[in-house]
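In: Test case, fold it:
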Amino acid sequence: MTFQKAVGYGPTAMGLPMERQPGLHAAPSHGDAPRAPSAAATPQLRIASAAEFDALCGIDADAAELFVAAGLDLESPHAHEFERVEQQRWRECLAAGTCWIATDTLGEPAGFAALSLLDAEPYLQQLSVRRRSMRRGLGTTLIAATTRAARDAGHSRLWLTTYSHLPWNRAFYERSGFVAVPPHACLPELRAVLDFERRCLPAPDFRTAMCKLLDDAQLSQLRSQWPMQRK
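Out: I've put the predicted structure just below:
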C-alpha cells in the first residue's frame, strides 16, 4: 500500500505512485518551537496541491528565522545549494500527494510536512510551522499524520534528520517518539543525506538522524541499541 492510499485525506492523495527518491535532501526541521502559549484551536489538515509550492516556501522561510535568531548562517553558498535541492524534493512530494498542510484559524496555510522514501523506508523530508502559529499543536498534528501514513502503508520505521542542539528540533522529536541514531547505523541513502547536510548547513556536527519505531514495543530496544550522547 502506498502512503497516498493509506492516508486518504483528499483526491490528490489517491492513485499516485510513490517513487523511491534517492537524492540528497532533508531540511532543518521546524516543529513547535519555544513561544508563549496562546489559545489553541484544533489544527485542520489537508493534502497540499502542486499549486501551493510557493505557500510551502513562505512557511519555511518564516520558520527559518528561528535559526537566524539562534546564530546559524543560512546565507552561505552551500546553504543555497541545499535550499535548491530540498525545494525540488518538496515538489516531488507535492506531485506524489504526500505533503500535508495544516491551516490556522482563518484557514490559511500555517505549517506543512512532506514525506517521501529513502532506502525504501518513510523519510520526513520537511516539517515547518509559521512562527505565529507555533505552540498550538500544528507540528505535533503533522507528525501524527505522517506517522499514520507510514504505519498504514505497512512500514515499521519513520526517519528524519535535524539539529541535535536546538530545543525545537531534536527535543521536539523525542517528545514525539523519535530516537537519535548514529551515522554508522544509517542506511546508504540516509547517510548520504546526512553527509550532504553536514557539507551544506551551518553547525554540521549537530546534524543528526532520528528514527521512530512504529511498533511501540520495540522502542526501548532501539534506545538501548543506538545510545547517543547529547552534544
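
In: Just name whatever secondary elements the longest helix along the chain is in contact with.
Out: Looking across the chain with DSSP state H, the single longest helix is helix 77-96. Helix 77-96 sits against helix 53-69, strand 109-118, strand 121-129, helix 188-200, with contacts defined as 3 or more CB pairs under 8 Å, 6 or more residues apart in numbering; DSSP states H and E. Just so you know, the C-beta spots here come from the backbone N, C-alpha and C atoms, and that holds for glycine as well.

In: Taking their axis directions, it and strand 121-129 sit at what angle?
Out: 110 degrees (axes from the mean of the first three to the mean of the last three CA atoms, to 10 degrees).

In: ok, and what's touching the helix or strand following helix 77-96?
Out: Remark: after helix 77-96, the chain's next helix or strand is strand 99-103, criterion DSSP states H and E. Strand 99-103 is contacted from outside by 9, 43-48, 52, 55-56, 90, 93, 109-115, 129, 133, 138, 141-142, 145-146, using CB atoms under 8 Å, 6 or more residues apart in numbering.

In: returning to that earlier point: need the mean per-residue confidence for the longest helix of the chain.
Out: Taken as a whole, helix 77-96 carries a mean pLDDT of 94.

In: and the angle for it with strand 109-118?
Out: 90 degrees.

In: mind checking which of the helices and strands packed on helix 77-96 is nearest R151?
Out: Nearest to R151 among the helices and strands packed on helix 77-96 is strand 121-129 (9.1 Å), distances taken as CB to CB.

In: Tell me the helices and strands packed up against that closest one.
Out: helix 53-69, helix 77-96, strand 109-118, helix 138-152, strand 157-163.

In: mind listing what's buried in the second one?
Out: What that stands for is helix 77-96. A79, F82, E83, V85, E86, Q87, R89, W90, E92, C93, L94, A96 (16 or more other CB atoms under 10 Å).

In: and the angle from that helix to helix 53-69?
Out: 150 degrees.

In: And the residue most central in space within the chain, how far from E197?
Out: The chain has Q126 as the residue nearest its centroid, 3.2 Å off, counting by CA atoms, centre = their mean. For Q126, the distance to E197 (CB to CB, to the nearest Å) stands at 12 Å.

In: Give me the phi and psi angles of the residue nearest to L115 when sequence neighbours are not counted.
Out: Leaving aside its sequence neighbours, L115 sits nearest to T98 (CB to CB, 6 or more residues apart in numbering; 4.5 Å). Backbone torsions of T98, given as degrees, to the nearest 10, read phi -120, psi 40.

In: show me where pLDDT drops low in this structure?
Out: 1-41, 216-231 (pLDDT under 70).

In: try it again with 90
Out: 1-43, 73-80, 105-106, 135-137, 167-168, 215-231 (pLDDT under 90).

In: got CSV for the helices and strands packed on helix 77-96, with distance to W159 too?
Out: Below are the helices and strands packed on helix 77-96 laid out as CSV (distance: least, CB to CB, whole Å):
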stretch, distance to W159
helix 53-69, 19
strand 109-118, 7
strand 121-129, 5
helix 188-200, 6
